[in-house]
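> I'd like to go over a predicted model; first the sequence, then the structure.
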Amino acid sequence: MPPARKSTPVEKGLDAILLTREKLQEVLDDAVRRGLLTGAAAAELLSDLLGAPADRVRREVDRARRTTGLGPAFPIGGYENLSAAQVQARLGDLSPPELRKVRDYERRNANRKTVLSAIEARLGR
């Protein structure tokens with residue numbers, strides 16, 4: 001029997017993240033220890049993530065990453081691969097500074113009017 005291939009966090013060429021239940025539990029436990037989440041909220045989040053559709057999981061992982069301060073500084077993970085509708089679905093969890101960061105990036109890159117309009121509406125302009 002060949003040796004098992006070691007998994008990588010992000011499979012090259014795919015918009016996929018391999019996150020084990022144990023690693024997710026470890027991150028949530030750390031957030032509880034640091035006072036960023038309650039134990040009940042962490043348990044509910046874990047339950048939601050393990051039984052939720054992929055897009056919901058991505059949104060929740062983004063939110064947990066922002067809350068704990070872990071991961072890259074851009075507010076929405078995998079942004080370059082998201083459709084305008086997927087970006088709009090994630091805007092509700094962002095703070096005004098994060099919305100401005102997304103707006104500025106969007107203007108410099110895809111410049112999608114629907115995304116920019118949704119951001120401006122959330123910023124109250």
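Structure's in. What do you need?
> how is the chain divided into domains?
In terms of domains, the chain is parsed into 1-71, 76-125 (source: automatic domain parsing).
> what distance separates the start and the end of the shortest one?
Criterion CA to CA, to the nearest Å; first-to-last residue distance in domain 76-125 is 22 Å.
> how far does it sit from its chain's centre?
Centre-to-centre, domain 76-125 and its host chain are 13 Å apart (CA atoms, centre = their mean, to the nearest Å).
> tell me where this protein is predicted with low confidence.
The model of the chain has pLDDT under 70 over residues 1-16, 52-55, 68-72.
> which parts of it are strands?
Read by DSSP state E, the chain holds no strands at all.
> just the helices in it please.
21-33, 39-51, 54-68, 84-90, 96-108, 113-123 (DSSP state H).
> closest to residue 75 out of these?
helix 96-108 (3.9 Å; CB to CB). From N, CA and C alone the C-beta is placed, and that goes for glycine too.
> and that closest one, what does it pack onto?
Here helix 96-108 touches helix 113-123, going by 3 or more CB pairs under 8 Å, 6 or more residues apart in numbering; DSSP states H and E.
> can you mark which positions in the helix it packs on are buried?
115, 116, 118, 119, 122 (16 or more other CB atoms under 10 Å).
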